[in-house]
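> Mind looking at a prediction? Sequence and model below.
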Amino acid sequence: MTGNSDGVFFLTGKDFANAGSASSNLKGILEKRGIPAEIIRRASIAAFEAEMNVIIYAVAGMMHYTITPETIKVVLQDMGPGIPDIGLAMQEGYSTAPDYIREMGFGSGMGLPNIKRNADKLTINSVVGEGTTVEFVISLERSGR
Amino acid sequence: MTLDDIKGILGALALTGRGDMEIDIGRAYCADLMSDVLAFSVTNSLLITGLTNAQVVRTAEVADIKAIVFVQNKRPDIQTIAMAEAKNIPLFVTELSMFDTCGRLYERGLRSQMGPTV
């Protein structure tokens, strides 16, 4: 499949039963386009971490994806508490997650670093008390980074 | 090492009905932190964990993990098992501790492979 495609998934905060389903659906869409498995894995992991952040911290949000022959772009926009210090949030191991989130295996402070690790480009914009927008791009034009 | 070998070594019970027991598992990763799994596991590997929630299956799916072993006789709920069936990710449960599970598989030649996105 070639050409551009895009779509949106809606995310509900604290809906842990469905947490990850948007990333799972995105993975299926990427597989149908015949994108190499290693790139799909990077995109899926980055999307899943970003999706979990919305489910854990925000009231609601959306994941918008755009796939072109050159790139996969994913934008997650949420209505949430915002991130006061993005530099701190990018540090591996830094987390503000409550204990019940940690008991589910998340909130270990690896989410944003994991997104950065898998994406070719990551942009985070956040306003405390309003929400956060996380945008990442993965290039399809070359195999390495 | 096949899934059938792993099941035998651990005295494990299969929780899912489908899936090819002859799948070759070359690597394993063990963690209760799903972000660590997402960061450090490798594709086509076995996940050993003590966590039993639905996010474990989601994590396995996005990280291209072939199968999951739950330790200490911990079992996921029926919805999680159903999700794993749908995603074709075989689930097993063993009475062994995480330490003994890893130890027995290591002894028989299974290895991890650290690295961000190998």
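Perfect, I can see it now.

> Do a quick rundown of the strands in the chain.
You didn't pick a chain, so chain A it is. Ranges of strands within chain A are A:5-12, A:60-67, A:71-79, A:121-127, A:131-139, based on DSSP state E.

> wrong one, I was asking about chain B
Under DSSP E, chain B gives strands at B:13-14, B:27-30, B:45-49, B:67-70, B:91-93.

> low-confidence ranges in chain A?
A:1, A:142-145 (pLDDT under 70).

> residues contacting B:Arg43?
Quick fix: residue B:43 is Thr, not Arg. A:Ala37, A:Glu38, A:Arg41, B:Ala63, B:Asp64, B:Ile65, B:Val118 (C-beta atoms under 8 Å, 6 or more residues apart in numbering or on different chains). Where you see a C-beta, it was placed from the backbone N, CA and C, and this is true even at glycine.

> err, B:Glu95, not the other one
B:Gly11, B:Gln72, B:Asn73.

> cool, B:Thr59 as well?
A:Gly20, A:Phe48, A:Gly105, B:Met34, B:Val37, B:Leu38, B:Leu47, B:Ile65.

> Between those residues, which sits nearest A:Phe136?
A:Phe48 (11.9 Å; C-beta to C-beta).

> Chain B against chain A: which residues are in contact?
B:32-36, B:38-39, B:43, B:49, B:51, B:53-56, B:58-59, B:61-64, B:79, B:87, B:116-117 (C-beta under 8 Å from any C-beta of the partner chain).

> Please pick the buried ones from the residues you listed.
B:32-36, B:38-39, B:49, B:51, B:53-56, B:58-59, B:61-64, B:117 (16 or more other C-beta atoms under 10 Å in any protein chain shown).

> hang on, the earlier thing: pick the one among the contacts of B:Thr59 closest to B:Gly109.
B:Leu47 (17.9 Å).
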